[in-house]
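In: heads up, no residue letters with this:
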């Protein structure tokens, strides 16, 4: 079962995505006005049950960022061995993971354009798996971490590279340009460890394979991410953790290969799906 947020005929819905279209479920659950509210209430099973046997309500619709009102999105940086080497600073694997926040306004949905701003044209791509927390927890042992995941989705963690260098100790301003990245297309319920432990992530730009790696090579596996993050903050249902991107982002080519209008970026993981986005310049 796949759950998405979408717009049809000028109205926003969430519901289940089928081969023939989407089934709007939000009208049946007014006490959960958004998909985030359904996750926060532990309602994915109820949504799945409600979708069983239902006819498609919308064949023509546009995907939105999968949880456009998600209040907390935390990203893990430089989390593959080759990514660490890309920096060419001679550093060994870090002792602790790098973390930074992103906000929902920085993301768009599947099949929507990533927006390149006029102030800077170093828009880059980063294909990643994102997890959605389903059960609250503080100081979660790594061995129990998967018990706290409700669903999986994909992220193109679009970045304005020049702006991550504006300050000495943070990258936040380069990571939060409006609609510079995407999360989606949908949420896939997390039911089996193999969905992550055996996952392979690939990113194509204009049909060219740029990123290709497996999650089992992460320097900080997802279990450890949940354990570490929950040490300093209580993870809540609906929190999103963007888990890290492999080597091959545009900034690491010589010369860099940044995104330009007309480009098409696809992030794919078998069992989750494919997140596709085009690129457009911001209309000013």
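Out: Noted; the coordinates are in hand. This structure is a prediction, so every number in the text was calculated from the model and none was measured.
In: going forward, measure contacts and count neighbours with C-alpha atoms only.
Out: Noted.
In: For stretch 44-57, the averaged confidence score.
Out: Taken as a whole, stretch 44-57 has a mean pLDDT of 97.
In: Kindly check the end-to-end length of that stretch for me.
Out: 19 Å (Cα to Cα, to the nearest Å).
In: Start at 635, not 1
Out: In the new numbering, first residue 635, that becomes stretch 678-691.
In: distance between it and the chain's centre?
Out: 24 Å (Cα atoms, centre = their mean, to the nearest Å).
In: Stretch 909-916 too?
Out: With Cα atoms, centre = their mean, you get 15 Å for stretch 909-916.
In: List the buried residues for that stretch?
Out: Within stretch 909-916, the residues scored as buried using 16 or more other Cα atoms under 10 Å are 909, 910, 911, 912, 913, 914.
In: Going by distance to residue 783, which of those wins?
Out: Nearest to residue 783, judged by Cα to Cα, of those is residue 909 at 20.3 Å.
In: For that closest one, which residues are in contact?
Out: Contacts here follow Cα atoms under 8 Å, 6 or more residues apart in numbering; on that basis residue 909 touches 744, 745, 788, 789, 790, 816, 817, 818, 819, 900, 901, 902.
In: Check residue 693 too.
Out: By Cα under 8 Å, 6+ apart, the neighbours of residue 693 are 654, 655, 656.
In: just checking, the last one touches residue 696?
Out: No - the pair residue 656 / residue 696 is not scored as a contact, 10.2 Å apart, by Cα atoms under 8 Å.
In: on that earlier part again, quick one: which of the buried residues of stretch 909-916 is nearest residue 678?
Out: Set against residue 678, the nearest of those by Cα to Cα is residue 909 (21.2 Å).
In: Just the pLDDT for the closest one.
Out: At residue 909, pLDDT is 99.
In: Over to the one 5 residues further on?
Out: Confidence per residue is given as pLDDT, and for residue 914 that number is 98.
In: Tell me the spacing between residue 668 and residue 682.
Out: Counting by Cα to Cα - residue 668 and residue 682 are separated by 15 Å.
In: Also residue 833?
Out: 24 Å.
In: what's the answer for residue 883, then?
Out: 36 Å.
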